[in-house]
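Engineer: Quick one, what's the 3D model for this:
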Amino acid sequence: MEPESERQIKEAFQESFKDRLERLGLVMINQRRDKKTGDLMMNRATGKPTGSKWLTPLGRLLLEQMGLLDKGDSTSSPGN
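Structural biologist: Numbering: from 1, shown residues only. Prediction:
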């Protein structure tokens, strides 16, 4: 079991990495909305919108070029 401080550092690093991928246009978020009000649903812990993440065409191309994703792999497409 990891000490609490190591776990917090790891979580912060992962969140920063996800934010950077989104800013670079490699990952997109399909944001969830409240059905009654139409407002964006927010994560209480982070204050950021919630939703599912998926690779953009640019992100897919980059992973294919790096050999980390097989061409034609559709497991990370929106709606799958």
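Engineer: tell me which residues in stretch 25-33 are buried?
Structural biologist: 26, 27, 28 (16 or more other CB atoms under 10 Å). All C-beta atoms are positioned from the backbone trio N, CA, C, and that covers glycine.
Engineer: Also stretch 52-60?
Structural biologist: Under the neighbour-count criterion of 16+ other CB under 10 Å, stretch 52-60 has 54, 55, 56, 59, 60 buried.
Engineer: do stretch 31-42 as well
Structural biologist: Buried-residue list, stretch 31-42, by 16+ other CB under 10 Å: empty.
Engineer: Contacts for it next, please.
Structural biologist: Applying CB atoms under 8 Å, 6 or more residues apart in numbering, the external contacts of stretch 31-42 come out as 48, 49, 50, 51.
Engineer: Does the residue nearest the centre of the chain belong to a helix, a strand or coil?
Structural biologist: Taking CA atoms, centre = their mean, the centroid of the chain lies closest to residue 53, which sits 4.2 Å from it. The three-state assignment at residue 53 reads strand, by DSSP: H, G, I helix; E, B strand; the rest coil.
Engineer: quick one, what contacts it?
Structural biologist: Contacts here follow CB under 8 Å, 6+ apart; on that basis residue 53 touches 18, 22, 27, 28, 29, 30.
Engineer: Among the residues you listed, which lie within strands?
Structural biologist: Using DSSP state E, the members of those that fall in strands are 27, 28, 29, 30.
Engineer: Which residue, neighbours along the chain excluded, lies closest to the third one?
Structural biologist: Nearest residue to residue 29, sequence neighbours excluded (CB to CB, 6 or more residues apart in numbering): residue 51, at 4.6 Å.
Engineer: Pull the number of nearby residues for residue 63.
Structural biologist: Residue 63 has 16 neighbours, counted by other CB atoms under 10 Å.
Engineer: quick one: pLDDT of residue 73?
Structural biologist: For residue 73, the pLDDT comes out at 67.
Engineer: Equivalent analysis for residue 36, please.
Structural biologist: You'll see residue 36 listed with a pLDDT of 91.
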